[in-house]
Each structure stands twice: as C-alpha cells, then as structure tokens.
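S.K.: got a predicted structure here, sequence first:
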Amino acid sequence: MIEILFSIITGLVLIFTLIYLGRNLKVYGQKSFRRIKEESVPQLGGLGILLTCFISAWYFDDKNLLDFLIISLPIVIGGVIDDFLELSARSKLLFQFLSAILFLTLKFDIILWHQWNQHPIVTSILTLFFIVSLCNAINFIDGLDGLVAAYFLAVIPTIYLIPNELSGSVNILLGSVLAFAYFNKKPASIYLGDVGSNFIGLTLAYSFLTHKPISGGWHFSILGYLMIFSLPLIDMTTSTLRRIISGNSPFSADKDHIHHRLLKVGLDDSHVAIVFFLVGALCSNVGWILVNDVSTLLKWSTLFSSVGVLLIILYLVYRTEGQLGKHVSSFGRTLIETYIPLDPMNVNFPDHYINKALIFDLFNYYKELQRKGLPTVVSFVKDVSGFITFRFKGARIMLLSSYSLAIILPEGEKWSQKESNLIINDFLKLTDKHKATRLSKNEPEGIYFYDKDEFKIFFNQIVEKHQAKSAA
C-alpha cells in the first residue's frame, strides 16, 4: 500500500509540474489530428508516468522495474523528440525496434519464446514483432481523454496475477497511472504523448514476454494474452487493413478507430473510456482463466463465449455507425442543395468545360459537427457556401454525392503551389472557426486538388458509376 501512495503523490506533483512546463514550452504536438478536442493540451503525461516509476523504483530498490526502465529508454527518447518535433511514423518505429533489441540483449534468457526452446532467430523475430505491434496498438487507441488510462487500469491486475518480471512492480505502476488518470480525465489537462503510449505498450508486451506459464500449455498462454490485449490489437488490425484496402499508407491517420465510432453513435469521451475499461476487464478475466491452471473445457467455453460477446459488440457498433452515416448523408445533401448554388450533374458534360478542379468531401465534418447540434452543422454549410461563392467566382459547382462537391474552375491547366496554399489557408480558417479537426497541422481534411487531365479521368469514373447505377 505504501508503494501505491508514494507513487500517487510523486506522480501528482511531477505531472502537475509537467503541465505547467508543457504549457510554457508549448509541447502540444499536432493540435487535433485524431482527438475530438478544441484546445491545446501538453503531451508530457507519459514522461510524468516514467519519472514517477523511476523515482519510486529507486526509492523502493525495485531492481526489476529499474531494468525495465533502462530497456524503455530508446522509446522514451524517441517519444520526447516526437512530442517536440513530430517525427514520422517510420522514425518512431526505429526507436521501438531499438527498445526491442535492447530487451533481447539484456533479457534474452527469460523471454517466453526462449523458455519454450525456440530457435534464437525465431525468438528474436517474434519478440521484435510483438513489442512493436503492442506499442503501436496502444498508440492507436490513445485518442480520447482517459482512454488508455482506463484500459491499462482494467488489465493491470493480470500483470500481478500472472507471474512475470513486473508482477512485483504493480503497485508502483498502478500509482503512477492513477496520478496521470487524475489529470487526464475529461477535460484533460495533459496527454500521454508518444512517450506514454509507447511506454504502456512496452509494459504490457514485457509482462507477456517475461511471464512464466501457469498451466503448462503454450497455446493457452498465447490465447490468454491475445484476449487480454484484444481490444487494442483488434483496433490496430482493422485500421491497418482498412487503410491498405482503401489504397492509403498503413501509417496514415484517420478518425475511424473504435473509439471514434463509439463517439459517432452518441457516446461522449467518459462513456467511451468506461466501455474500454469494462471490455478490457472482461478480456483480462478471460485471459487469466486461459493462462491459469483450470480445466480445458472451462478454458474453451470461456474463450468462445467471450469472443462471441466481442463480435456482437463490434457488430452493433459498426452497424449503428453505418446506419447513422446514411442519415447524415441524406441530411448533408439537403443542406448543400439548400445553401449552395449547384449546377446539375450532367453525364454528358462537354470536354471543353473540364478544367482543373477541387473536390470538397464534407462527410467527416458533418459526422463531427452533428455532435454539437443541428445549428452548428447548418452554420458550417452556410460558411462553406459563402467561401465557395466568394473564392471561386464563375466556377461550376456540382454535387457528386450526398456530401462531396466538385468545384470546376473556368480556366487553368495546373495548380500552382502558391494558389493551393492560399485556398488551404482560407479553408483552415473556416474549419478553425467551427473548431473542426484537421487532418494534420497544416492540412484540412477533405480537400483535393485536380489538374485538368486528372479531373477528366476522375469525372469519367464518376460518370461510369452513375450510368451503371442508372442501368441497374
């Protein structure tokens, strides 16, 4: 108990100090790239957790935790650099690999795969893959106030109950995360940052890789931990596959993670955090049963029933969000047709009318702003109408779908960089007025520039789809 109280008090003091420093140093990172958040918040929460663990581990002479903190140094250094300079996704991977390599170097003999007499190369590859995957999985779910803290607090009992190198350090880990959670609850005063998400991901991976199987069955050990970590792993896997299938980089950002979808169906940040805590606790209990020495029948029945519950929850979330999207599309079309002067969608559009164009995809803005009420969405569409009418005089404006607008300029072959930047800056001012999220620091979401030849190809594809739909 004394370890928990010491780390809580130490964490509260450290994190409060880091909030003050973060605001003065403006360590904000990308303002609102994945978060539904209106104000800038310091990104130094993870550093507060790590410093709390270090001070507590030194004070209580916790050698296992001190060893782990040494192994975490590369991702901590990378996270601090990212919080100040915003590294690319590939650069972040490098620091994760460095921590994994350090782990292999210092703790090879106690790694789970080595305990099972796997070939050293197999042990190394599996270890690298697991650490990098779990660090990124935690980073993927770090998108709302209190979310990662709630999930970690749900699974931390398993770190204690399943013997591993960090089992004796649970009190310190628990106290440090509780201190962070106090400042990270809605509305958050501080965020984890990359230091925090990578540190927690590495903590969970380390607990698995150094655990000693209780039941003796290696397959149940793996299944058990996959269940414990299933929520972030499912989110990472579905997000990566979604991006690859849509032709985007798996490292690109979007707002279609599980927590974003829960927001879209009407939950707020606190409700989503509670859902993650409850699902995380359910999965942790199932994982503990699978790893523990109980009957095989109980293990399989628990596994299948819990997987069924998870699939039902995911189905309901995705189906409800999909139905909501259809309603938003219909509502968006009505608003656009009301406030924006449109040319009819003409499949026989003459070639000499086709010039360079912009596409405004407003769907995600509708989904985000509708949470603030109907008047906010109407005001946004009115401002978009004024922006288009004033900025693109003489342009042809066509509605390509319920929420996608094509602005075809009367002349021009290529977009100059200066011209594109001016339009982007003007549109950013509009979205900032409505406190809508950005795709990145200097780029709004849903704006695409097409030169004449590119737009001709794009428009012909739209025409083909329109004709196919009409024929059907």
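M.R.: Noted; the coordinates are in hand. Numbers count the residues shown, from 1 in each chain.

S.K.: let me know the helix or strand that Lys393 is in.
M.R.: Take DSSP states H and E as the rule and Lys393 turns out to sit in neither a helix nor a strand.

S.K.: and the strands in the stretch 301-450 of the chain?
M.R.: Counting by DSSP state E, counting those that start in this stretch, the stretch 301-450 of the chain has these strands, from start to end: 357-361, 396-399, 404-408, 447-450.

S.K.: hmm, which helix or strand of this protein has the shakiest average pLDDT?
M.R.: Every helix and strand of the chain was ranked by mean pLDDT, DSSP states H and E. The lowest is helix 112-115, at a mean of 70.

S.K.: list the buried residues in the helix or strand following that helix.
M.R.: For helix 112-115, the succeeding helix or strand toward the C-terminus, using DSSP H and E, is helix 120-141. Within helix 120-141, the residues scored as buried using 16 or more other Cβ atoms under 10 Å are 123-124, 126-128, 130-141. (Glycine included, C-beta is placed from N, CA and C.)

S.K.: show me how far the very next helix or strand once past helix 120-141 is from its chain's centre.
M.R.: Taking DSSP H and E as the definition, the helix or strand that follows helix 120-141 towards the C-terminus is helix 147-161. On the basis of Cα atoms, centre = their mean, to the nearest Å, helix 147-161 is displaced by 18 Å from the centre of the chain it belongs to.

S.K.: dump helix 147-161 to CSV, restricted to CA.
M.R.: Coordinates of each C-alpha in helix 147-161 appear next as CSV, following Å, rounded to 0.1, in the frame of the first residue of the first chain:
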residue,chain,number,x,y,z
LEU,A,147,-9.0,6.1,-22.7
VAL,A,148,-5.6,4.5,-22.4
ALA,A,149,-5.5,5.0,-18.6
ALA,A,150,-8.9,3.3,-18.3
TYR,A,151,-7.8,0.4,-20.4
PHE,A,152,-4.5,0.0,-18.6
LEU,A,153,-6.2,0.1,-15.2
ALA,A,154,-8.5,-2.7,-16.4
VAL,A,155,-5.7,-5.0,-17.4
ILE,A,156,-3.1,-4.2,-14.7
PRO,A,157,-4.5,-6.9,-12.3
THR,A,158,-3.3,-9.6,-14.8
ILE,A,159,0.2,-8.3,-14.6
TYR,A,160,0.1,-9.0,-10.9
LEU,A,161,-1.8,-12.3,-11.1
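
S.K.: not counting its own residues, what contacts that helix?
M.R.: 138, 141-142, 166-167, 170, 173-174, 177-178, 180-181, 184, 192, 196-197, 200, 203-204, 207, 228-229, 231-232, 259, 269, 272-274, 276-281, 283-284, 287-288 (Cβ atoms under 8 Å, 6 or more residues apart in numbering).

S.K.: looking at the residues you listed, which are in helices?
M.R.: For these, membership in helices holds for 138, 141, 170, 173-174, 177-178, 180-181, 184, 196-197, 200, 203-204, 207, 228, 231-232, 259, 269, 272-274, 276-281, 283-284, 287-288, with DSSP state H as the criterion.

S.K.: for the buried ones among those, write the corresponding PyMOL selection.
M.R.: A single PyMOL command selects the buried members of the ones in helices among the contacts of helix 147-161 (16+ other Cβ under 10 Å):
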select buried, resi 138+141+170+173+174+177+178+180+181+184+196+197+200+203+204+207+228+231+232+259+269+272+273+276+277+279+280+281+283+284+287+288
